[in-house]
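J.: return atomic coordinates for the entry below.
(one chain, ligands or ions: 1)
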Amino acid sequence: MNQVTDTLHAHNPLLQVWDANFGLPPFNQIHPAHFIPAFDQAFPQHLAEINSIASLDEPPSFNNTLAEFDSSGRLLERITLLFHNLTASETSDDLRAVQLEMAPRLAAHESTVFMHAELFARIDSLYQRRTELGLAADQLRLLERVHLDFVRAGARLRDHERVRYVEIMSGLASLCTRFSQNILAEEAAYTLPLNGEADLAGLPPFVRDAARSAAQQRGLGPDASVITLSPSLAEPFLTFSDRRDLREALWRARTGRGANAGAHDNRPVIAQIVALRQEQAALHGFNTYADYELVDRMAGQTASVLNLLQQTWEPAKAHAEVDRQALTNMARSLGQPTPIAAWDWRYLAQKVRAQRFDLDDAELKPYFSLDAMIAAMFDCAGRLFGLHFVERKDMALHHADARLWEVRGEDGALVGLFIGDNFARSTKRSGAWMSVFRSQSGHEGGTLPIVINNNNFAKASPTLLSFDDVRTLFHEFGHGLHGLLSNVRYERLAGTQVLRDFVELPSQLFENWALEPQVLQRHARHVETGEPMPAALLEKLKRSRQFDQAWATIQYTGPALIDMALHALPNGTPVDMAAFEAEQARRLGIPQDIGQRHYLSHFQHLFASAGYAAGYYVYMWAEVLEADGFEAFTEAGDAFDAATAQRLLRTIYSSGNTQNPADAYRAFRGRDPRVEPMLHKRGLLAKAAA
Ligand SMILES: [Zn+2]
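T.: As a prediction, this is how the structure comes out:
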């Protein structure tokens, strides 16, 4: 046995108590080879805990069954969360191999737990008597939630169905892992090299810096420049590059991710995922997978989702026609070909925006340095919720770019830990997300959350953000606050563990403060001169944000409608992904010069896990709540109104899943949400109604 193997058995850091650094994982001691031996111990330990609950002689009670179940499996959970965070933020060949092996085993373990007949019998007997048990509101909510978790994981299935169900869930776990790994491989492999000034034409300094920095990170020469598929590099390139041929090449590479023949082709993977999901829904007695998913959402049914999406779809297409005319005129004036193509839209829109609003995105960027915007979001969290953030540089993290802050409340007491991992790299998946290493709960006298936000900004010195990047930063921090401010007894109800179409409310709501003049005046300072952003520039930024909203709405709503169409196919319908997507684009009339924010072959929301399957709509659903909700501050006359912020904290940010989300919203707003503020924000209200 070599030394590594000996160490694995003698001292596996994943199996030790993590008592240093407030329970932060000991990152610098962890090796990919530690994971499988740790899982091999954590699975049986969890099952032993479950068995001891299930085999109690005493009749079931809330405490001896539900509370115990909520506290069980902490070792496995700690290892699993760390593992998922590492495979997303800082993966490696070794971790990818472990991931492929563990995905079906983790799914099988989950099935074993949630199909435990004796345990479910105890939970079900409590559930049947739930109104007679004298439970507190959060306890009743936990009982209902856990009961539904068991039912949705197949606890009521009969013998032969159970066997098949476990196979389906393991198969889906493997396929979803394969899907994500294919995307990461295609993104890591692609670069668009920029050779010489001719290839750099039109690019402002920040894009040139980021392209050089991306080349350096890939070990290319000091003079090399490349564009990668990372949105914070690809988006500005599509916006500014004068080179139509290069824009087209990048656009095709980006939209084609996962749809290239060969080892990383996601098209057959998707067909298999959809087939297994249909079979899963059928075993639960639903006609479609969407029906199965929507039972556990605020929306409740497919029709409610389509009703919302359709309120924006046709109006957005009509508005886009007006914008298209302006863009076409711009193309003609620049001597560029018409009709315009999808790789022209951002570029021409930027030209029109600059002309119409006298605003150049490159003029804004020096005011949005990453460090200043981090300070801005912390400031907002302080003014709204009394939090303050103290950076700690003495704790090892998973990557040198990640930073850690202690989060403290008004009284100075520790609330949790916050990790910000903001830069793109080839070992990190694309997109932006919040996750946890540990959830808040009342477990062991009070367990504090350890929250991580990931972004994929192009690293530069200093790193300058676009306003969209700033919104993303605030968005993820909104999720982060939902995790940090959580104040509940039971972990299953903590923080972001709410219904999927409610979870984007705290995040999208928080984006509003990024545009608040009080915040920008204080924090949006020119990176070289330190001058605050001129009021006129801020005003131009605000006015220009109304422009091109139809494009953004179509880019988002098209994929949301395709997601619903795909997952609402009757069970047993085979899918040829490419043909299906093309047919849907025709049916919906998706404008070819706008296209889709996500195409199926790389639509991670749908296929990296089941999280957002039949659920891409949730952003718009939550936007209805968010746009209506923020008006509570507008009505109070102050974006930091103390009473409104307190109510928001109590009903939304700290309450996790202890209430039905519709009730939680009503407790905040005093009424049900109205859709008009969202339509207004997107510029889609008919003039008469606006
Ligand atoms: Zn989000």
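J.: tell me which helix or strand comes right after the longest strand anywhere in the chain.
T.: In the chain, assigned by DSSP state E, the strand with the most residues is strand 414-423. Going down the chain from strand 414-423, the next helix or strand is strand 433-438, by DSSP states H and E.
J.: what about that next one, average pLDDT?
T.: Regarding strand 433-438, the rounded mean pLDDT is 98.
J.: now the helix or strand encompassing Arg254: buried residues?
T.: Assessed by DSSP H and E, Arg254 sits inside helix 244-255. For helix 244-255, the neighbour count (16 or more other C-beta atoms under 10 Å) marks Leu246, Arg247, Leu250, Trp251, Ala253, Arg254, Thr255 as buried. In this view, the C-beta of every residue, glycine as well, is placed from N, C-alpha and C.
J.: what's the closest non-adjacent residue to Ile562?
T.: Spatial nearest neighbour of Ile562, excluding adjacent residues (C-beta to C-beta, 6 or more residues apart in numbering): Gln584 at 4.8 Å.
J.: and which of the buried residues of helix 244-255 is nearest His284?
T.: Thr255 (34.2 Å; C-beta to C-beta).
J.: next, count neighbours for the residue nearest to that closest one when sequence neighbours are not counted.
T.: The shortest distance from Thr255 to any non-neighbouring residue, by C-beta to C-beta, 6+ apart, is to Tyr599 (5.5 Å). For Tyr599, the neighbour count with other C-beta atoms under 10 Å is 22.
J.: taking the centroid of this structure, which residue is nearest it?
T.: Trp433 (4.1 Å; C-alpha atoms, centre = their mean).
J.: OK, contacts around that residue?
T.: For Trp433, the contact set (C-beta atoms under 8 Å, 6 or more residues apart in numbering) comprises Ala88, Asn453, Asn454, Glu476, His479.
J.: quick check on the residue of the chain found nearest the ion: phi, psi?
T.: Nearest residue of the chain to the ion: Ser507, at 4.2 Å (C-beta to the ion). Ser507 adopts backbone torsions of phi -80, psi -50, taken as degrees, to the nearest 10.
J.: and the spatially closest residue to it that is not a sequence neighbour, what does it touch?
T.: Closest residue in space to Ser507, ignoring its immediate chain neighbours: Gly478 at 3.6 Å, by C-beta to C-beta, 6+ apart. Shown in contact with Gly478 (C-beta under 8 Å, 6+ apart): Pro506, Ser507, Gln508, Leu509, Phe510, Glu511.
J.: so which of those sit within helices?
T.: Residues from the contacts of Gly478 lying in helices, with DSSP state H as the criterion: Pro506, Ser507, Gln508, Leu509, Phe510, Glu511.
J.: Phe477 is in contact with the fifth one, correct?
T.: Looking back up the chat, that one is Phe510. Yes. At 6.2 Å, Phe510 counts as touching Phe477 under the criterion of C-beta atoms under 8 Å.
J.: which residues are common contacts for these two?
T.: Residues touching both Phe510 and Phe477 (C-beta under 8 Å, 6+ apart): Met377.
J.: neighbour count for those two, which is higher?
T.: Each of Phe510 and Phe477 has its neighbours counted (other C-beta under 10 Å); Phe477 has more, 30 against 27.
J.: buried residues in the helix or strand Asp40 falls within?
T.: With secondary structure defined by DSSP H and E, Asp40 is part of helix 35-54. Going by neighbour count (16+ other C-beta under 10 Å), the buried part of helix 35-54 is Phe35, Ala38, Phe39, Ala42, Phe43, His46, Leu47, Glu49, Ile50, Ile53, Ala54.
J.: what do you get for stretch 334-349?
T.: Gln336, Ile340, Ala341, Ala342, Trp343, Asp344, Trp345, Arg346, Tyr347, Leu348, Ala349.
J.: can I get it in CSV, CA atoms only?
T.: Extracted as CSV, the C-alpha positions of stretch 334-349 are listed here (Å, rounded to 0.1, in the frame of the first residue of the first chain):
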residue,chain,number,x,y,z
LEU,A,334,-23.0,50.7,-40.9
GLY,A,335,-23.0,49.0,-44.3
GLN,A,336,-23.7,45.6,-42.7
PRO,A,337,-25.8,42.9,-44.3
THR,A,338,-29.5,42.6,-43.6
PRO,A,339,-31.7,40.8,-42.5
ILE,A,340,-29.8,40.8,-39.3
ALA,A,341,-28.8,37.5,-37.6
ALA,A,342,-28.7,36.3,-34.1
TRP,A,343,-24.9,37.1,-33.8
ASP,A,344,-25.7,40.7,-34.8
TRP,A,345,-28.4,41.5,-32.3
ARG,A,346,-26.3,42.3,-29.3
TYR,A,347,-23.8,44.2,-31.4
LEU,A,348,-26.4,46.4,-33.1
ALA,A,349,-28.5,46.8,-30.0
